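Novice: here's a sequence, model it:
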Amino acid sequence: TVQDPPFAILPANITSLSSSYHIGKIGLNYHFGADPWAVQWPDAPLYAKAPASAPPIAYTAGWSFEGGSRLWLSRGRFQWDHSAVGAGGLDDPSILQSRLTYHGLDGLSGELFGRVDSPWGVFLKGNIGLGRFDKGHMNDEDWGLPPNFSYVNTISGQANGRFTYYTADVGYDFLRAANYKVGGFIGWTYYEQSSDTRGCVQIADPEPCLPPGDDRVVGSQNTQWNAARIGLSAETMLTERWRLNADVAYLPWTDFKGRDNHLLRPMTTFDEQRGNRGGGVQVEGVLSYFITRNFSVGVGGRYWAMWTNRRSDTLPCSDSGCVGAPIFAKHSMERWGTFFQASYRFD
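Specialist: Numbering: from 1, shown residues only. Below you'll find the model as predicted:
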């Protein structure tokens, strides 16, 4: 080591250098393969006292409410048959004279749904929806028409289709556990559908119905169904995130009203349709995934069918009034499809 004046040589010396740092770190850790809702991970240190939220359960001891919305992609069908006059001039329900079949009615609807569960197992549930369709066809078949008593079949398109519906039920869960519940319910359902019939192509008789390319509105159909429901509702947690719901309802009694408007005839006429005896069935199932403890998304399927018996009736009418005696008829409807849903649960 050389030192300034006076210059001198100093003996070598041993030196050292040291430093210290104070570092803070903030991070997010994830434990792969562990249950995120478990109170404590199996390999967590003993001082880890902060519990996570519990997983969803099917049955809670207190009040709970779950509600959300659905998007239903469905296909519909409606058919009505009316009978002919048999021996003795009386209307015979066993003889088919005319059949109108509306098929391929592909629609899209949005709906709201909800369910309230009480601490005593009593629950209320229901849904309400509104949809539209502009697809489908209508076949109009007739047998034994004068003067040649031939078979006639025409096909027309469907447009301006609309349908609305709701269900409302009250029930009781007679089986309840942490991961499942099963209950019975009674309730009511309503379904209304209407559409315009456009164009007319003859497919079973040489006489043309309308010139090719003529797409005018030739008729319309409106139907209204009311029915009582009785059934079973079940829910189970398949895993800590996956849930399965199912509803099966039998409709022991239906009330039907409809109107079929004929606009292509020289004078506008319509058929008043009604029937208060029949049956039906409504079935649906939903598979849901809980993104959080309260919020879930799901996919499901649904099938609805209602019908009257062969002794419901149709009454021919016009602007001047209804004439003649009612004609025996049978009416039936179906709608089925897949829906997607999102819901939130409060408990």
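Novice: okay, now the unreliable bits of the stretch 201-347 of the chain?
Specialist: Low-confidence segments of the stretch 201-347 of the chain (pLDDT under 70): 206-207, 265-268, 311, 318-321, 323-325.
Novice: center of this protein, which residue is that?
Specialist: residue 72 (4.9 Å; Cα atoms, centre = their mean).
Novice: so which strand or helix has it?
Specialist: Residue 72 belongs to strand 64-85 when assigned by DSSP states H and E.
Novice: buried sites along that strand?
Specialist: Residues 64, 66, 68, 70, 72, 74-84 are the ones in strand 64-85 that count as buried (16 or more other Cβ atoms under 10 Å). C-beta here means a position set from N, CA and C on the backbone, and glycine is covered the same way.
Novice: what's the distance between the closest residue in space to residue 128 that isn't next to it in sequence and residue 78?
Specialist: Take residue 128 and drop its neighbours on the chain: the residue closest to it by Cβ to Cβ, 6 or more residues apart in numbering is residue 166, 4.2 Å away. Distance check for residue 166 against residue 78: by Cβ to Cβ, to the nearest Å, it reads 19 Å.
Novice: and residue 94, by the same measure?
Specialist: Looking at residue 94 against residue 78, where the rule is Cβ to Cβ, the gap reads 22 Å.
Novice: again with residue 286
Specialist: Taking Cβ to Cβ as the criterion, residue 286 is separated from residue 78 by 26 Å.
Novice: same check on residue 296?
Specialist: Applying Cβ to Cβ to residue 296 and residue 78 gives a distance of 34 Å.
Novice: please apply the same query to residue 159.
Specialist: From residue 159 over to residue 78 the distance is 15 Å, taken as Cβ to Cβ.
Novice: tell me the contacts of residue 75?
Specialist: If a contact means Cβ atoms under 8 Å, 6 or more residues apart in numbering, then residue 75 has 104-107, 335-337 as its contacts.
Novice: how about 10 Å then?
Specialist: Contacts were defined as Cβ atoms under 10 Å, 6 or more residues apart in numbering; by that measure residue 75 touches 103-107, 133, 135-136, 334-337.
Novice: same thing with residue 277?
Specialist: Under the criterion of Cβ under 10 Å, 6+ apart, the contact list for residue 277 reads 253-256, 307-312.
Novice: so which of those are in strands?
Specialist: 254-256, 307-308, 312 (DSSP state E).
Novice: that older thread, hey, what's the residue nearest to residue 128 bridged with?
Specialist: Assessed by DSSP bridges, residue 166 has beta-bridge partners residue 128, residue 190.
Novice: quick check: it touching residue 188?
Specialist: Yes - counting by Cβ atoms under 10 Å, residue 166 sits close enough to residue 188 to count as a contact (8.4 Å).
Novice: give me the common contacts of those two.
Specialist: Residues touching both residue 166 and residue 188 by Cβ under 10 Å, 6+ apart: residue 126.
Novice: coming back round to it: gap between the residue nearest to residue 128 and residue 221?
Specialist: In this view, residue 166 and residue 221 are 21 Å apart by Cβ to Cβ.
Novice: how deep is residue 272 tucked in, by neighbour count?
Specialist: Per other Cβ atoms under 10 Å, the neighbour tally for residue 272 reads 15.
Novice: for the stretch 51-200 of the chain, just list every one of the strands.
Specialist: 64-85, 91-117, 122-133, 137-145, 150-177, 180-202 (DSSP state E, counting those that start in this stretch).
Novice: buried residues, the third one. List them.
Specialist: By neighbour count, and taking 16+ other Cβ under 10 Å as the criterion, the buried residues in strand 122-133 are 123-127, 129, 131, 133.
Novice: give me every residue that touches residue 307.
Specialist: Contacts for residue 307 were tallied using Cβ under 10 Å, 6+ apart; they are 79, 225, 251, 254, 256, 275, 277-281, 330-334.
Novice: which ones are touching residue 99?
Specialist: For residue 99, the residues meeting the contact criterion (Cβ under 10 Å, 6+ apart) are 79-82, 139-143, 153, 330.
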